[in-house]
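> Here's my sequence, what's the structure:
(chains A and B)
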Amino acid sequence: MAEADGVSVRSVLPCLREAELIKQGAEARVYRVRFLGRSAIVKERFPKRYRHPALDEKLTRRRVAQEVRSILRCRKAGIAAPVVYFVDLSSNCIFLEEITESITTREHIAAARASGRSVESLHDLAENMGRILAKMHDEDVIHGDLTTSNMLLKTESSGELTLMLIDFGLSFVSALPEDKGVDLYVLEKAFLSTHPNTETLFQKLLHSYTGASKKAPAVIKKLDEVRLRGRKRSMVG
Amino acid sequence: MHLTNSLELFPEFAVTQLLFRDVKNCAELRKMAMEGKIAGALINPAMVLDPFQTLLAANKAVHVQKVGKMKTRSLYSEIIFSLSPTNNISEAFKRFGISDNDHAVLIVLVHNKEEEYNKDDVQSKVDGQQIPADQMSSLSDFAKIKKLYKVSSQEEKCGSVLDAVICRMAAKDVV
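Here you go, the predicted structure:
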């Protein structure tokens, strides 16, 4: 596991050595820092020692670039995603705007369920999620890791809630209904396992997704196929 | 009047920004900059929305200098180049540098953190009125910026024009 590298090899960038580590995953470490007078999030993709160095460098660089491209593509389409401040391709770090005043939709749904609110009270949120994902797929951005933790609900100064997509680390560009179907399938799996007994909520999401995109029917058809066979295509025969 | 910020990534350096309006000698200043007689980047403030935008450009310029990936000849021309959404160098100078008949100038200096920048040296060369650097947005040409960075009204739904500009500057090398 990459995590085994632990603290001893923390960060190529000197300024991250003292920084507050807020998340460590298999692919990257996420820090909170001050950057040019603002609070920022740094996502550092560290070297994987289980891979050949040349391959590792190539893969990592490509993923950093793809993450930034997808964010820009989404923002251009009016889909909220964090502002990219700076990309350091020599240490594979991305400096992003810190999203303050926000909670994950995961926390939001869990809190609503825990406080005994009905599933119906979350229908608006699910519909909003469906609309935004439809818009993202219309831009041919495949997120690659859709979960309720990767969608933030940000409270704007106006009091409005904005749904923001984060973590485009596994994203790519594709127009294939297959890829979009798998994207939704990954979300369905994550959604239903994180939030038990919310099947109707996910149905709402899919319903608004279908209503929001002309390309949706082909995607939903693929989603049905993917449900039967799983995320990976069969390579037999 | 001026704004000085430190660069977290390069703690030995600081960036100072000075803003002037009613400048009468832009042609002369431009000539001095090209001859290397002014140790600073001379920027057309109409193309800048906020000091943060130029600060990011300076941060990036110092970064590419450190890693040996400069696309232009000096740190100061690299700051101007970093502001541009495209990789066309002469286009970047034309849009973001000053022209002979401009009347305002933003000067961005990168200096050693320990030393005060050479204020008098710069100020004595500019024939114009210095105004607080944080009033930068009063000189920006919003329409021109939106056009040059191709910011759509759609994008403005999810953030400010400054956000859009910053993203394009950051993503320039990977798009």
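
> can you list the residues of chain B near chain A?
Residues of chain B found near chain A (Cβ under 8 Å from any Cβ of the partner chain) are B:5, B:7-9, B:11, B:52, B:55-56, B:59-60, B:63, B:67, B:152, B:154-155, B:157-159, B:163-164, B:166-168, B:170-171, B:173-175. C-betas here are computed from N, CA, C, even on glycine.

> Now a ChimeraX select for only the buried ones of these.
Buried residues within the residues of chain B next to chain A, by 16 or more other Cβ atoms under 10 Å in any protein chain shown, are selected in ChimeraX with:
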select /B:5,7,8,9,52,55,56,59,60,63,155,158,159,163,164,166,167,168,170,171,174
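
> Now, the residues of chain B next to chain A that are in helices?
B:52, B:55-56, B:59-60, B:63, B:154-155, B:163-164, B:166-168, B:170-171 (DSSP state H).

> among these, which two are most distant?
Using Cβ to Cβ, the pair of these lying farthest apart is B:H63 and B:Q154, separated by 30.9 Å.

> buried sites along the worst-scoring helix or strand of chain B on mean pLDDT?
Lowest by mean pLDDT, DSSP states H and E among the helices and strands of chain B is helix B:119-125, with a mean of 83. By 16+ other Cβ under 10 Å, the buried positions in helix B:119-125 come out as B:V122, B:K125.

> Quick check: what element follows that helix along the chain?
strand B:129-131 (DSSP states H and E).

> just for the chain, where's the confidence low?
Picked chain A for this. Residues of chain A meeting the criterion pLDDT under 70: A:1-10, A:234-237.

> hm, I was asking about chain B
Residues of chain B meeting the criterion pLDDT under 70: B:117.

> what about A:S193, which SS state?
Look at A:S193: counting by DSSP: H, G, I helix; E, B strand; the rest coil, its state is helix.

> and what of the one 4 residues further on?
Using three-state DSSP, the secondary structure recorded for A:N197 is coil.

> what's the closest non-adjacent residue to it?
Of all residues not flanking A:N197 in the chain, A:V119 sits nearest, at 7.6 Å (Cβ to Cβ, 6 or more residues apart in numbering or on different chains).

> how about the one you found, phi and psi?
phi -60, psi -30 (degrees, to the nearest 10).

> and if you look at A:D88?
According to degrees, to the nearest 10, A:D88 has phi -110, psi 100.

> can you map out the helices along chain A?
Residue ranges of the helices in chain A, as given by DSSP H, are A:14-17, A:53-76, A:105-114, A:123-138, A:177-194, A:199-212, A:216-229.

> Ok, which of the ones you listed comes nearest chain B?
helix A:53-76 (3.8 Å; Cβ to the nearest Cβ).
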